[in-house]
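> Predicted model, plus sequence, below.
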Amino acid sequence: MEVNDTDVRRERCDPDRPAHPGVFLTREAGKSDHQPAGLSVDFPVSVVLPAGGTGERTGLRTPKQFCSLLGRPLISYTVQAFERVSWIQSVVVVVAEENMDLMTDVVQRFRHTKVRAVPGGSTRHRSIWNGVLALGEGEGEGAVVIVHDAVRPFVDEDLLYKIATAAKEHGAAGAIRPLVSTVIATTSEGYLDHSLERAKYRASEMPQGFTYDVISRAYQRRGSTQSFTICPADRSPTSGSKCSESDFEFGTECLHLALQYCGTNAKLIQGPPTLWKVTYKRDLAAAESIIKDALSRSACVITGGSASGAALAGALREAVGALGTELEVVPDLRGENARCLAKEGNFILVSVGPSRPSEVEALLTELEAANRALLHPLVVIWVHMSDSDELSVSGRAAAVMDLSSAAKLRNILLYGIQLHPSKIGHMKTKQPGSHVWKSFYLCVLPFDI
Ligand SMILES: Nc1ccn([C@@H]2O[C@H](COP(=O)(O)OP(=O)(O)OP(=O)(O)O)[C@@H](O)[C@H]2O)c(=O)n1
Ligand SMILES: O=P(O)(O)OC[C@@H](O)[C@@H](O)[C@@H](O)CO
């Protein structure tokens, strides 16, 4: 029972207009809300995120890196994945000239702290090279440079750590995944020439890591008499570069450049299945679904200390447990229970007896103060347990409608359910698997929030 959508920008990449980078946020998105994995490195690490493409294969006019997922552009999720890693010092995003303002808007709106944008080139290699040049000797010397496609938002700290430390040791490192389809070679007439033995090959993914020395030499001889110049869209770097025009124009593999021009054999590290790249329109929907799923893996049930609230929470925990969702049950958010405000996850507020919309308003205010609906909408389900349908009395309607407005302003999706206490028992008989967050599969009297 989805009572209403907030007007948080939920539009897809509407071909008729560029994706808006989402609602204004009230807190530093760059501050990590992520429990650090306790990893650290003893060398500087910078990141280059190539984001200068047009995303032609999506068929959309808005480049896929700026398409909105749950009200936020795809690139912001990728930037956040790197910002939350404490041992990464800086992130250079390489975007097309015409998107520099949009990227600046994303950085401001989502308050990314470690990132700066530089102009891209006409090909991916040219963009990456511009990003490496932007690091310069200052950030580069002795550093490891991680290169990661901006349209691969699901990258975790553990893999970044493995790639960075392997690159430091070997000069280059790259993430790989098993091939799903067999690779075949075709004749010029379009017939099968031969197929490759799939077990001997792997898909080259991202992130990749290089010592600054290797990646800068791979793209261009270091110490050349010519000063390094930003690689304009239509020209490869100054003469003396080791990369051929063909490399810059048609190449897709940085690890190859390291081997070809620096004799550096990259260390290959198998990464998780989440490394995939958003390439087609369907990938945007898949990415949003994955983000949504990750956001609904946990919730806090606030029972108000009532016995029926605790009974409901118990039944819910049993039901959603089968969905792999964890519930934490607290009577309120006072004292040490206040820590629930900082934890990832949604909220279920249980009210018993005469309805008190003020309780909901108080929770919305606390969630805003805790900056919870920052980088994605937060779900709050208000379950009003009453043996009367008093909520439908018009006198309540105005208060309830005010709640809806208050929630929208805070990027919170507010759902309301009125539940007759006698229905709690039904929960145990129903097969879990329904979409609990949208409509409890109870016999409930939903009211419109
Ligand atoms: N001139 C380019 C081309 C691509 N990229 C970036 O390289 C990454 C991987 O490239 P790809 O998936 O091919 O992106 P696009 O080139 O935008 O996609 P398409 O080929 O469908 O146009 C993307 O983050 C893309 O923005 C870039 O920085 N500069
Ligand atoms: O080829 P595209 O430009 O679509 O995408 C780039 C990928 O090829 C690249 O990210 C990996 O193969 C690793 O090099």
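Good, I have the coordinates. The model shown is predicted, which means the values in this text are computed figures rather than measured ones. Ligands and ions are numbered 1, 2, ... in the order given.

> Show me what residue of the stretch 101-250 of the chain gets nearest to ligand 1.
Nearest residue of the stretch 101-250 of the chain to ligand 1: S127, at 3.3 Å (Cβ to the nearest ligand atom). C-beta: built from backbone N, CA, C; applies to glycine.

> And whichever helix or strand that residue is part of, what does it pack against?
Using DSSP states H and E, S127 sits in helix 124-140. Counting contacts by 3 or more Cβ pairs under 8 Å, 6 or more residues apart in numbering; DSSP states H and E, helix 124-140 is packed against strand 45-51, strand 90-95, strand 115-119, strand 144-147, helix 212-219, helix 245-250, helix 254-262.

> repeat that for 6 Å
strand 45-51, strand 90-95, helix 212-219 (3 or more Cβ pairs under 6 Å, 6 or more residues apart in numbering; DSSP states H and E).

> what angle sits between it and helix 212-219?
150 degrees (axes from the mean of the first three to the mean of the last three Cα atoms, to 10 degrees).

> can you pull the contacts of the residue of the stretch 101-250 of the chain closest to ligand 1?
S127 sits next to 50, 52, 94, 120-121 when contact means Cβ atoms under 6 Å, 6 or more residues apart in numbering.

> Please identify which of those is nearest to ligand 2.
Nearest to ligand 2 among these, counting by Cβ to the nearest ligand atom, is P50 at 8.4 Å.

> Leaving aside the residues adjacent along the chain, what's closest to that closest one?
Of all residues not flanking P50 in the chain, S127 sits nearest, at 4.5 Å (Cβ to Cβ, 6 or more residues apart in numbering).

> what do you get for L192?
Once flanking residues are discounted, L192 sits nearest to I184: 5.8 Å by Cβ to Cβ, 6+ apart.

> If that neighbour is in a bridge, with which residues?
In this entry, I184 is beta-bridged to S195, by DSSP bridges.

> State the number of residues packed around it.
10 (other Cβ atoms under 10 Å).

> Tell me how many other residues crowd the nearest residue to K64 once chain neighbours are set aside.
Nearest non-adjacent residue to K64, counting by Cβ to Cβ, 6+ apart: G55, 3.6 Å away. Neighbour count of G55, defined by other Cβ under 10 Å: 23.

> Get me the contact residues on the stretch 201-350 of the chain for ligand 1.
277, 279 (Cβ under 6 Å from any ligand atom).

> Contact distance from ligand 2 - what residues of the stretch 201-350 of the chain qualify?
Those residues of the stretch 201-350 of the chain that sit near ligand 2, judged by Cβ under 6 Å from any ligand atom, are 204-206, 252-253.

> go with 5 Å
204, 252-253 (Cβ under 5 Å from any ligand atom).

> Can I get the buried part of those as one PyMOL selection?
To isolate the buried members of those in PyMOL, using 16 or more other Cβ atoms under 10 Å:
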select buried, resi 204+253
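
> What is the nearest of the residues of the stretch 201-350 of the chain next to ligand 2 to S188?
Minimum distance to S188 across those is 21.6 Å, recorded for T252 (Cβ to Cβ).

> how many neighbours does F248 have?
Using other Cβ under 10 Å, F248 is surrounded by 23 other residues.

> likewise the one 10 residues further on?
By other Cβ under 10 Å, 27 other residues sit near A258.

> I'd assumed T264 was in contact with it.
Yes. Assessed by Cβ atoms under 6 Å, A258 is found in contact with T264 at 4.3 Å.

> Please identify every residue contacting each of these two.
Common neighbours of A258 and T264 (Cβ under 6 Å, 6+ apart) are 172, 214.

> so where does the nearest residue to V329 once chain neighbours are set aside fall, helix or strand?
Excluding the flanking residues, the one nearest V329 by Cβ to Cβ, 6+ apart is A313, at 4.3 Å. Assigned by DSSP H and E, A313 falls within helix 307-321.

> Spell out which parts of the stretch 1-150 of the chain neighbour ligand 2.
So the stretch 1-150 of the chain meets ligand 2 at 124, 149 (Cβ under 5 Å from any ligand atom).
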